[in-house]
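**Q** build me a structure from this.
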Amino acid sequence: MTEWKEQFEEYAQRLLDEAKAPGAAIAVARDGELLYEGTFGYRDRELGLPLSLDTVFGIASITKSFTCFAIMQLQEAGKLSIHDPVVKYLPEFRAGDHELTARMTIHHFMTHTPGIAPMPYLDGAMRRSMENDPAVIGTKAEDELKTVPYLDTYEDVMEAIAGFEGTPLSEPGDAFSYNNDAYGLLGTIIERVSNQTYEEYVTTHILQPLGMNRTVFSVDELADKEDVTILYTTKKIDDENQIIAAPIWHDAPAMRAAGFLKSTVNDLLAYLEVFRLGADRKPTPVLTADSVGQMLTPFARVDGHRSYGYGLMVSPAFPDGLLVEHGGSLKGISSHIFSIPDQGMTGVILVNLDGVAVRELVLGFLNSYFTRPADAPLYTYDPYELTEEQHSEYEGHYSSQEWVSASIEKREGKLYVEVDGLSYPLIPVQRDSFVFQRRDSILWIEFFRDESAQIARMSYGLRQLTRQSA
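**A** Numbers count the residues shown, from 1 in each chain. I've put the predicted structure just below:
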């Protein structure tokens with residue numbers, strides 16, 4: 001085994017062991033040829049059943065790129081324009097006042113920039129599959145679930161959004177905040193324009209032409225249901241966190257476009273070839289190079305490292321060339337796809353446990369392959385000094401109605417962020433921008449000011465959280 005493979009596998013095994021991940025499947029290709037493949041652990045821990053590159057895992061929000069792929073195909077067919085107002089296809093849609101709603105376009109939905117504050121409605125769409133799940137019963141999530149309505153149809157989702165009382169974040173196009181609800185409604189637009197269900201459209205226009213025969217919305221659709229992972233999650237039992245088998249798949253029929261495909265490493269490598277080839281202006285059988293180029297355009301700033309295209313993150317300043325990527329997370333699912341078109345590289349990491357730092361595995365692989373230490377930091381930051389008085393501007397508690405919260409407090413001349421019961425020191429890197437380190441990840445936090453130049457919101461976990469108290 002070559003030195004870089006040894007380094008990566010040692011790093012990957014350590015990370016997966018620390019996470020207590022039952023199983024993972026990883027592969028990377030270069031110029032369409034397999035460069036690396038590795039399986040770790042089991043698809044079924046209790047029975048000791050092995051994994052392969054054809055094992056079916058959940059991929060969660062990686063589905064969003066398929067949704068945008070479908071939108072781009074429909075634009076190519078002349079059936080819509082990404083710059084059309086959403087209400088052209090969803091006349092009953094309302095988010096804020098009528099004038100604000102009328103300015104929201106399909107492009108804004110695809111880039112998470114409609115200006116809508118985070119909402120709790122994905123759980124409403126998943127409620128029926130969650131409320132009878134033993135992994136959820138007796139947890140905080142069960143209590144939260146009772147506060148959201150059942151959202152079984154697109155119309156239910158639109159009605160809930162129309163009644164949402166949160167203040168808009170911004171004008172459409174001005175603020176990035178990850179939005180599952182908007183992506184769910186992109187599925188509605190696809191249905192109304194194509195006269196097919198969202199699932200039928202994706203299957204017949206993307207999955208089948210690419211030979212992705214083990215990629216499905218329900219594992220019941222598979223001809224071979226054997227090589228499918230068991231889902232695992234963490235649950236507190238007798239005051240101790242335990243990794244348990246949790247085989248019920250969460251589903252949201254009204255929001256499948258936001259994140260409910262299941263797939264395999266091999267199928268996703270075939271899918272990523274479209275972006276590798278399209279980025280090089282080479283034709284693909286399912287999408288033009290122009291459409292691929294639009295999907296890989298950095299339309300919306302996510303943080304100081306990354307921007308969002310259409311259903312994909314893009315990092316133009318990545319050390320080895322433009323990095324294209326997207327992750328996914330639901331119960332029993334940690335997933336990540338990536339491509340560096342300049343290097344001809346594509347890669348997939350799938351894990352059958354939620355909460356695993358799969359993006360660190362991506363960076364660990366790329367660091368190892370390009371002869372850097374596996375945990376090497378990828379970016380450097382010029383020193384940026386803040387006065388004691390400036391520190392105080394950021395202090396406070398921030399939250400969203402999507403049950404994400406964070407606190408910023410000053411201790412011993414430094415700012416700290418407290419999230420999920422843990423505290424991390426913040427390093428200022430620009431005005432209103434900070435980074436902090438969690439494990440081997442460098443995470444970016446930005447603060448946003450209102451018209452009177454007071455701090456009103458902060459970004460965390462790809463969402464904008466509103467300041468509740470100073």
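**Q** mind listing what residue 65 touches?
**A** By CB atoms under 8 Å, 6 or more residues apart in numbering, residue 65 lies in contact with 295, 310-312, 326, 337. All C-beta spots, glycine's among them, are computed from the backbone N, C-alpha and C.
**Q** and the pLDDT at it?
**A** Residue 65 is assigned 98 on the pLDDT scale.
**Q** kindly report the same for the one 4 residues further on.
**A** Residue 69 carries a pLDDT value of 98.
**Q** who touches the nearest residue to it once chain neighbours are set aside in this structure?
**A** Distances taken as CB to CB, 6 or more residues apart in numbering put residue 206 closest to residue 69, at 5.8 Å, once the chain neighbours are dropped. Neighbour list for residue 206: 66, 69-70, 73, 212, 271, 286 [criterion: CB under 8 Å, 6+ apart].
**Q** show me where the stretch 1-150 of the chain has helices.
**A** 3-19, 63-76, 98-102, 106-110, 121-131, 140-145 (DSSP state H, counting those that start in this stretch).
**Q** against residue 117, how distant is the residue nearest to residue 69?
**A** Distance of residue 206 to residue 117, given as CB to CB, to the nearest Å: 31 Å.
**Q** for residue 312, same thing?
**A** Residue 312 sits 23 Å away from residue 117, going by CB to CB.
**Q** tally of neighbours for the nearest residue to residue 126 once chain neighbours are set aside?
**A** Closest residue to residue 126 apart from its sequence neighbours, by CB to CB, 6+ apart: residue 252 at 4.5 Å. For residue 252, the neighbour count with other CB atoms under 10 Å is 26.
**Q** list the contacts of residue 252.
**A** Neighbour list for residue 252: 122, 125-126, 129, 151, 184, 258, 260 [criterion: CB under 8 Å, 6+ apart].
**Q** before we move on, back to that, looking at the helices of the stretch 1-150 of the chain, which one has the lowest mean pLDDT?
**A** For the helices of the stretch 1-150 of the chain, where the average pLDDT is lowest is helix 140-145, sitting at a mean of 91.
**Q** list the buried residues in it.
**A** Neighbour counts using 16 or more other CB atoms under 10 Å place 141, 145 of helix 140-145 among the buried residues.
**Q** I'd assumed residue 382 was in contact with residue 428.
**A** No - with contact defined as CB atoms under 8 Å, residue 428 does not reach residue 382; the gap is 10.4 Å.
**Q** these two: which is more packed in?
**A** The residue with more neighbours, out of residue 428 and residue 382, is residue 428; 19 against 6, by other CB under 10 Å.
**Q** contacts for whatever helix or strand that one lives in next, please.
**A** For residue 428, the host element (DSSP states H and E) is strand 427-430. By CB under 8 Å, 6+ apart, the surrounding residues in contact with strand 427-430 are 304, 381-382, 384-386, 415, 434-436.
**Q** try 6 Å this time
**A** Outside strand 427-430, the residues within contact range by CB atoms under 6 Å, 6 or more residues apart in numbering are 381, 384, 386, 434-435.
**Q** which one of these is nearest residue 60?
**A** Distance to residue 60 across the contacts of strand 427-430 (CB to CB) is lowest for residue 435, with 25.6 Å.
**Q** for that closest one, give me the pLDDT.
**A** Per-residue confidence (pLDDT) for residue 435: 97.
**Q** and for the one 3 residues further on?
**A** The pLDDT attached to residue 438 in the predicted structure is 93.
**Q** just the element for the spatially closest residue to it that is not a sequence neighbour, please.
**A** Distance criterion CB to CB, 6+ apart; nearest residue to residue 438, sequence neighbours excluded, is residue 424 at 6.3 Å. Per DSSP H and E: residue 424 is located in strand 422-425.
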